[in-house]
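Visitor: 3D, please:
(5 chains, ligands or ions: 4)
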Amino acid sequence: AVDWKKFSGQTINVNLVKSPRSETLIKYLSEFESLTGIKVNAEATPEQQQRQKTVIELSTGKPSFDVVHLSYHVQKRQFEKGNWLADISGFLKDPSLTDASLTEKDFAEAGLLFAKDSKGVLRSLPFSVDYWIVYWNKELFEKKGLSYPTTFEELVNAAEKITDPSTNTYGFVARGLKNANTPVWTSFMLGYGAAPINGQGKVDAVSKEAVEAAKLYQRLMTKAAPPGVSGFNWAEAQSAFLQGKIGMWFDGVGFAPPIEDPQKSRVVGKTGYGVMPKGPAAQAAGTFGDGLGVVEASTKKEAAYLFCQWAISHDMGARLLQAGAGVPFRQSILADAKVREGVKMPGAWLDAVAGSGKISKLALPVVIPVTEFRDIYGVALTNMIGGADPATELKNATAQFEPVLARSEG
Amino acid sequence: MAKRLIRRKTLDSLGLLFVAFIMVSPVILFFLWMISLSLKYEIDNGAYPPILFPENVAWSNYLKVFEENNFLLYFWNSVLVTGTATLLALVIGVPSGYGIARLKAEKSAVVIMIARMTPGLSFLIPLFLLFQWTGLIGTLWPQIIIHLVVTVPIVVWIMIGYFETTPMELEEAASIDGATPWQVFRLVALPIAKPGIVVSFILALIFSWNNFVFGIVLANRETRTLPVAVYNMLSFEQVSWGPLAAAALIVTLPVLLLTMFAQKQIVAGLTAGAVKGG
Amino acid sequence: MSIENSVADAKQKRSKPSRLAPNYWPFVLPALLVVSAVIVFPWVFTLWMSVNSWTLGQPRTFIGFANYVRLAQDMRFWESLWHTATYTALSVVLPLFFGTLAALIFDAKFPFRGLLRGVFVMPMMATPVAVALVWTMMFHPQLGVLNYLLSFLGIGPQEWIYNQFTVIPSLVLVETWQWTPLVMLIVLGGLAAVPREPYESAEIDGANAWQKFRYLTMPMIAPFLMIAVIIRSIDAIKSFDIIYAMTQGGPGTASETINIYLYNTAFAYYDIGYGSAMAVVFFFIIIALSFVLLMVRQRANWSDMETK
Amino acid sequence: MATVNIQNIQKNYGAVKVIHGIDIDIADGEFVVLVGPSGCGKSTLLRMIAGLEEVSGGEIHIGSREVSNMPARDRDIAMVFQNYALYPHMTVADNMGFALKLKKVPAAEIQAKVKRAASILGLEALLDRYPKQLSGGQRQRVAMGRAIVRDPQVFLFDEPLSNLDAKLRVQMRGEIKTMHQRIGTTTVYVTHDQVEAMTMADKIVVLHGGFIEQIGAPLELYDRPANIFVAGFIGSPAMNFIDGRVEEGVFRTTKGLILPLPQAVAEKMGGRDLVYGIRPEHIRASTQGIEGRVTLVEGTGSEIFTRLDAHGEDIACLFRERFDVRFGDTVFIEIDPSKVHLFDKQTGRRI
Amino acid sequence: MATVNIQNIQKNYGAVKVIHGIDIDIADGEFVVLVGPSGCGKSTLLRMIAGLEEVSGGEIHIGSREVSNMPARDRDIAMVFQNYALYPHMTVADNMGFALKLKKVPAAEIQAKVKRAASILGLEALLDRYPKQLSGGQRQRVAMGRAIVRDPQVFLFDEPLSNLDAKLRVQMRGEIKTMHQRIGTTTVYVTHDQVEAMTMADKIVVLHGGFIEQIGAPLELYDRPANIFVAGFIGSPAMNFIDGRVEEGVFRTTKGLILPLPQAVAEKMGGRDLVYGIRPEHIRASTQGIEGRVTLVEGTGSEIFTRLDAHGEDIACLFRERFDVRFGDTVFIEIDPSKVHLFDKQTGRRI
Ligand SMILES: Nc1ncnc2c1ncn2[C@@H]1O[C@H](COP(=O)(O)OP(=O)(O)OP(=O)(O)O)[C@@H](O)[C@H]1O
Ligand SMILES: Nc1ncnc2c1ncn2[C@@H]1O[C@H](COP(=O)(O)OP(=O)(O)OP(=O)(O)O)[C@@H](O)[C@H]1O
Ligand SMILES: [Mg+2]
Ligand SMILES: [Mg+2]
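Guide: Numbers count the residues shown, from 1 in each chain, chains lettered A, B, ... in the order given. Ligands and ions are numbered 1, 2, ... in the order given. I've put the predicted structure just below:
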C-alpha cells in the first residue's frame, strides 16, 4: 500500500491554472495535507498568465514550483522539448508511491497519448479531459419547432432559423476572438475527417476539408451569430448564452455549472447538452486535456508525485465530475455508478460527456508553436467573420505558419 | 442695474456648471456603473436592458473577493511595495531633483527620462533573470526595485520643477550663515519644497499602486499586488463580473479617495510638475 | 614643455574642483545609480538577445542581425506599426481636444468647481486594469450598457472592441476617457501661467471673446499644448494595460500595437530573441518621436515662458 | 480727441464702497493726472473710464456719448498698463497692429500706421522683436505705440513708469509729455508719484480714500494745498506739520516752541488750535533764530537734507547752501513767514 | 570688525572678463558704498567678498586672514540681499537665530542675542511671525537683524532698498545709517542709486565696466569728479557736457556757443579739445548772458527743471527760484565759472 506519510514534513509548491478544476483541488487541499503531512502551497492563476510564468520559470532551470498544471493541447511539445518534466514511469510502478487502482490502462486513450512523450515515457498524469459539446436552448428550439441537430447541415439550418436580430436572438455562438477561435474550426475539421497537421508533421491546412470546415465556421458566425462575435472569447459567449438569447453555444464541457446556477443564469433547466453532430466524413468530439506533472528540477519529486496522484485519485475525480467542473481521464471513475448518481448536473450533460468520450479526437496539433498556430489561423478565421474568402485566408495563414513551425521543430 | 448684473453672473456660472457637469458625466457614469456591477448578481449584470439598481443587492460579491483570494495579503503587499518604492524614491529622488536643478544638469534628467520612455516590457525578462540569480525572487524586493523605475522619475521630475523655482539667494544666505551644503539642503531647500514633496509622494504612490505589468511576471502567490490580483479574478470557465467589479473597486478606492482628498494639491503639483515634464 | 605636459596641464585646469561652489553631484548620484542600475542591465541584455535566436526552453544561438531582417519582412510587425501610429495619433489628438476644452471650463469660476474637477481627474488615477475590465463589460455588443445608452439616441448597436474597424477607436475612447484629465491639468497650468493683462489690452483693442481665444489664449498656451502632446505621445505609444486587458490585440490583430505584439512574441511565443529586436526598434521609435516632438516644440515656442 | 465727463461716479465691491461719487471734467486735449496714495481708487476709476470695470453708479461721457455701459472695445480709447500688458507671443509690429487687425484694416494700411508710430517712438529697428527681447523702456514705448497707432479719442495710462528705474523714469516722462504735446490727445494718467504728477499734468486730481481732495494745476496744489492731506502729499521732501495754537501774534507749538507767522494771519487766528505747515525747502540756515540739534544729515552734493530736534519738535530742512553739519551739531534756522501754511486742526482744511 | 583688503581681484565668466583687477582698501568700521551702472560688476565683486563667487585672480583679506578660497560659511561675514532672502519657513526669531544655531550656540544665548537685535531694530513684537506676514520694511529689518545677531566682521549689502517704495526707501536708508553709527561694523554696500551712495557712504567706490573709476568721500566725487563718467554719474540731474575748445580765454563749443571759464584755467588750456562740464544746479536764470529756447519744463513746486536749446547745444538747468517759463520761451542764463569742470576730450580725465 501507499506509504502516504513517508514525506511528511516536506513542503511543495503547486502551480495551477485557475479553473473550476483547480478550485476543487484547492478546496480539498487540507485533506491531502492531513493525509500525507506534506505542506502544499498551491496557487491558481489565470490561464494566460500561468502559461507565461511557468514557461519563463521553467526555462531558467530554477522554477519556484514542484508540480505544474499544463494544458496538453498547448504545452505538451514545448515541455517535452525543454525536458522540464520528470520521468514518472518509475513512480507509477512503485507500489509504495502508487495506489494499486491506478494503472496506465485506466486512462482514456487520449489521456495516455497526452501524458507520454514521443519516446513513450510517462511525463505527467492526465488530470481532466475536455470535450467540446453543444449547449442548446430548448425553449428557443421549441418556439421554432426544431429538434437538436444530428448533422452539420441541420446544425446550420437550426441556427439560421432561430436567428432574429429584431429580438436580439441568435442561433449560434462560439469563440470568434483570434487564438481562442482556432479550436472551433479544427473541431469542425474533424467532422470532415481532416487535421491541420498531417501525420508527417507537415501543415495541411489548405486541403478541401479544411476549407469546408472554415466555410462552415464562416457561415455560422456571419449568419447566425450575434454582432461583434469576432471579439468574443468564451466569456462573452457564455454571458450571451446565460441570458437566454442564444440557440446554440459550442464550447468545452466544463462551462456547464454556471448554466444551472440561478444566480448567474436565465436558462436554468432549459438547456440541452448535445454531442457534436455528425460531419460529412465523421462524427468526432474535439478533445483537449490537462495534466499534472512533476518538475524535473524539483528536489521533492516523490512528494510532488504524491500530490499528482492524489489529485487524480478516485475520490477527487468523482468530486470533479459531480460538480460538473471537469471530466476525469480515468475510466473507472466514469464507469462507477455511485459516482454518476452524485453528479449534480443534469443527466443530459453526463450523457453528452459519455457520448463524446466515444468519439473523442485530439483537436489541436501536437507541436511546439501551438500559440502561433492558434494566433495565425485565428486571425484568418476572424477575417472570415469579417467576410474574407476562407481559401485565400487559409493559404495566407499557412504561408505564415510554415516557417514558424520549421523554426521551432528544426 | 446691479441686480441685472448679478443675475447675469449667476446665469453664467450656472451655465458653466452645466457644461462642466456634462464633461464630468462620463466619469460619473462609469464609476456609477462600476459600483452597480459590483453590487449585482451575475444574472443582473448580464441583463439586457441593463439594470442599474438591482432588486437583490449582491454584497456577497465583496465577500467573495475577500474569501476566495488572499485579498488582504495582496492589499498588504501592495502597501509594502508601493510604500517602500515611494519612500525610497523620495529618499533618493528628492536630493537628486535638487542636485539636477542646481547643476542645471539636463543630461542627468534625460537619463532618468529614458527610464520613462523605455517600454516596461523590456525590463521584465532580464530583471526576472537577474532577480533569480540573486535569489530575490519570492520576496517583494524585485517588485519594489522595479517600481522605482516608475516612482523615481516622477519624484525627480516634479522636484526639479520645485527646486528650480526656489530662490538661489535663500541658499546663499544660508551658506553665509555658516551652513554646509548638506545643511543648506536639509534646513532650507527641503522645508521650502515641502508642497512639492507631498505632491510627488502622492503621485508616485498612485502610479506605483496602479502598476500592473511588472506584477504579472515578478509576483507569485505570496508577493502578488492588488492590480494583478484583480486581473486574476478572471477565471477560466466562470464569468464573474460582479466580484470582478467589486475587486476593481476595492483596488481603485484608496486611490480615488486620495485623489478626492488631495485634489487641490495634486492639481497644483501636476500642473506645476507636468509643465516641466516635457 | 612637452605636449603631454600641456595636455596634462589642460586636464588639470579643467578638472580643478571648484572650491567654493557646493558640489551637487552627491545629491544626484544615488538616483542616477539606482535608475541606471535598473535600466542598464536590461538594456544590455535586450541588445544582446536581439542578435540571438532564443526561444525559451531551447538553446540560444548567435545569429547576428537576422532578427532585424526578419522584422523588416514581418508583415504583422508593419501592421502593428500602423496600428500603433493610428492609436497614438488618436490618443493624442482626442485627449488634447477634450482636455483643452475641459481646462478652459475649469479655469473659469463656478459653484462646485473643485469637487467636479476632483471627479474629473479620477480616471487617470484609477487603476488601469480595473478600469479596462469594467469598460470591457460596458462594451459588450449584446448586453453592454453603452449600446443601451446609444439606443436612447436612436443609434443602433455598435460592436465596439468586437469589430476590427471600431476596435481602435473604441480603445482610444477608453484611453481618452482616462487621460483627458492629464491634458486638462497641463493646460490648466498653462492657463494659470498666462498673464491676465493682455486680455485687458485686447478688450480695449476691440477683441471679442472668440478673438481673444483665437489670438491670445491659443498661441499663449501653445507651448503647454506641446508639452501635453509630448507626454501623451510617449504614454500612448507605449499603452499596454488597456489594450492587453480588453482585447489582447484582437479581433484578429486589429488592435495589435507594437507593444502588444512585442508582448505576444516574448511571452506567448517565448521568442525572446525576436522580441528583443522588436523592443530595440520600438525604443528607437519612441526616442525618435520624442526627439522630433522636442524639435517641433522648440520651433513652436514663442518664448521660454514655460521654463521661466 | 474728445472731452471726458465724469459725473457722480461710484464703485462698490460688494458692500465695500471704493469710489464715493466723483465728478471730473476733462477738456479736449487736456493732460489730467490722477494721483493719490496706494489703494485710493485711482486704478479703479481709470478702469471704469476704460470699461474694464463696471460702474456702480453715475455716468461717464466721452465726447457726446454716454459710455457707462458700453463694453471697452466700443469706447474708442487706448490704455497703457503699468506692466505694459504686451502680447508676449507677438512681435512689436504685431503688438502695435493688433487693434487695427481686429478692425479688419487692410494689412498695408496697418503696416503704414505701425511704421509711422514706430518712427515717432524710435522703435523702427525693433519691429521684429518679441517683448521679452526688449528693455523696460523699450517695452514702455511699444505699449505707447500700441496706443498711438489706434488714434483713439482718449489715452489712459495706469502708472506706466513705475516699473522703470529712476533714470529711465525721468527720461520716459519727458517722452510721454513730448508725445502729448505733439499729438494732443486727451489723456488721463494715473500715478502715485507726486513728482510725475507735478511735472506732467495740466491738471492734477488728488484722490484719497475714494474721495477727491483737490483738483487743480500743479503749482496751485503746491502753493495752496486745500488741506493737510494734499499739503503732505504734494512736495518732496514732505511738508513739516506742527501742532499748536496762535498766541500773541506767534505760533506756539504744543511743546512750547515759538514759530513765526505772517502778521495778517496772526491777528485773525488768535487762540485757535491749528496745524502749522512749512516745507523743508522754505527753511533757511542762519546764525540765529530757532535752535535745533541735528539728528540726521543726508547730503547729495547739491542739497543737504537734515532733520532737527528743536525743542522736541522734529523739523525736516532742505538746505541748498553747502555747509558742514554733522550728526549732533547744533544749528540755527529761520522760517520765511510768507511760506507758512495753516490748517484747521479738526477738519484739516486750509485756513 | 575688521579691515577688508582687496588686491588685484579679477573675475571672468568663461572668456568674458567682468572684473579687471581691482584694489580697494577698507578701514575697520568704514562704510563703503559700491556704486555704478547696471552690469558694471558690483554684485559680482560683493559676492566674491562674500565667498559666493570664486575669484579668478587676486586676493581678498578680511582682517589678517586671506579668504579668497575660503567657503562663505567660514568667512565670518553677514549679507543682506536685495529681496532679503528670508527663510520663509522660519519665524522671525528663527530666521535671526539660524546662523547661531548652525554654530551650535546654546539656545538660551541665541534667544538673548536675537532679543537684543530685535530691540535695536524694533522687531520685538514680530518675533513669532513668518516673513510673509511682514511688510516690506519689516522684512528688510529682519534681514538686517539676521546680520546683526551674528556680530560678524563685515556686513555686506546688495541693493537692500531697491524693492521698497520711495518713501520707505528714504526711511530705511536712515535706519541703516543709524545702525552703522551704533554698532560700527565694517560695511560694504552695493547700490546703483547715487543718492543712496551720496547720503550713506564714508567712502564711495565708483565702478564702471569692471574698472574702478574713482574712490573717495561723497563730496569729493561731487566737487572733483575724476572723469566724465563719475561727473555724469554723481549728481542729479546729471551734469551738462559740451564739446569744444578753449580759445581766447573763453570756451567755444563746436557749435559756436561761448561759455565762461575761470581766468586761471583759460590761460593754461588754450587750443586744447576739451569737454566742458557744468551741473544744472550751477546755472542761474538771468536777464542777460546766454540765450536759450526752452524745450522742456518740469516744475515740482520747489524747483524748475528746464532744458534749453542754446545755439544748438542742449543745456539742462535746475532753477530754485520760481519763475514762469513755458515750452518755447526764450530765457537767459548765467554760469558761475568757478563751478565749471573741464575734461580731456580723449581720455575723459578731469583737468
Ligand atoms: N476686485 C476687487 N475686489 C474688492 N476690492 C477691490 C478690488 N479691486 C480693488 N479693490 C479695492 O479698491 C481700492 C482701490 O483700489 P485701486 O486698485 O483702484 O487702488 P489704486 O489707487 O490704483 O492703488 P495703487 O496705487 O496701489 O495701484 C483698494 O482698497 C482695493 O483694495
Ligand atoms: N553667471 C554669469 N555668467 C556670465 N556672466 C555673468 C554672470 N553673472 C554676471 N555676469 C555678467 O557680469 C557682469 C556684472 O554683473 P553684476 O551682476 O555684477 O552687475 P551689477 O553691477 O550687480 O548690476 P545690477 O546693478 O544690474 O545688479 C554683467 O555684465 C553680467 O552680465
Ligand atoms: Mg493702481
Ligand atoms: Mg547687482
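
Visitor: What is the lengthiest helix in chain A packed up against?
Guide: Determined from DSSP state H, the single longest helix within chain A is helix A:390-409. In terms of contact count using 3 or more Cβ pairs under 8 Å, 6 or more residues apart in numbering or on different chains; DSSP states H and E, helix A:390-409 is assigned the packing partners helix A:208-223, helix A:370-385. All C-beta spots, glycine's among them, are computed from the backbone N, C-alpha and C.

Visitor: Flag every buried residue along the first one.
Guide: This points to helix A:208-223. Using 16 or more other Cβ atoms under 10 Å in any protein chain shown as the burial criterion, the residues of helix A:208-223 that qualify are A:E209, A:A210, A:V211, A:E212, A:A213, A:A214, A:L216, A:Y217, A:Q218, A:R219, A:L220, A:M221.

Visitor: Can you get me a residue count around the residue lying closest to the last one once chain neighbours are set aside?
Guide: Spatial nearest neighbour of A:M221, excluding adjacent residues (Cβ to Cβ, 6 or more residues apart in numbering or on different chains): A:I385 at 4.8 Å. Around A:I385 sit 24 other residues, with neighbours defined as other Cβ atoms under 10 Å in any protein chain shown.

Visitor: Would you confirm that A:I385 contacts A:G228?
Guide: No - counting by Cβ atoms under 8 Å, A:I385 does not reach A:G228; the two are 9.8 Å apart.

Visitor: Next one, pLDDT for the residue of the stretch 151-300 of chain A found nearest chain B please.
Guide: Chain B sits closest to A:K264 of the stretch 151-300 of chain A, with a gap of 3.7 Å, by Cβ to the nearest Cβ. Per-residue pLDDT puts A:K264 at 80.

Visitor: Make sure I have this right: it is in a helix.
Guide: No - A:K264 sits outside any helix when classified using DSSP: H, G, I helix; E, B strand; the rest coil, being coil.

Visitor: Next, work out how far apart it and chain D are.
Guide: A:K264 sits at a distance of 61 Å from chain D (criterion: Cβ to the nearest Cβ, to the nearest Å).

Visitor: For that residue, which non-adjacent residue is closest in space?
Guide: What sits nearest to A:K264 in space, not counting adjacent residues and going by Cβ to Cβ, 6+ apart, is B:E42, at 3.7 Å.

Visitor: Same check on A:F7?
Guide: Distances taken as Cβ to Cβ, 6+ apart place A:A303 nearest to A:F7, at 4.1 Å, with adjacent residues excluded.

Visitor: Compute the number of surrounding residues for D:D329.
Guide: Other residues lying near D:D329 total 13 when counted by other Cβ under 10 Å.

Visitor: Backbone dihedrals for it, please?
Guide: phi -60, psi 160 (degrees, to the nearest 10).

Visitor: With A:F107 instead?
Guide: The phi/psi pair for A:F107 (degrees, to the nearest 10) is phi -80, psi 150.

Visitor: Which helix or strand lies directly C-terminal to the worst-scoring helix or strand of chain D on mean pLDDT?
Guide: Taking mean pLDDT, DSSP states H and E as the measure, helix D:263-268 is the helix or strand of chain D with the lowest mean score, a mean of 78. With elements assigned by DSSP states H and E, the helix or strand that comes after helix D:263-268 is strand D:273-278.

Visitor: Can you point out the buried residues in that following strand?
Guide: Across strand D:273-278, burial judged by 16+ other Cβ under 10 Å covers D:L274, D:V275, D:Y276, D:G277, D:I278.

Visitor: close to chain E, is that strand?
Guide: No - using Cβ under 8 Å from any Cβ of the partner chain, strand D:273-278 stays clear of chain E, coming no nearer than 12.3 Å.
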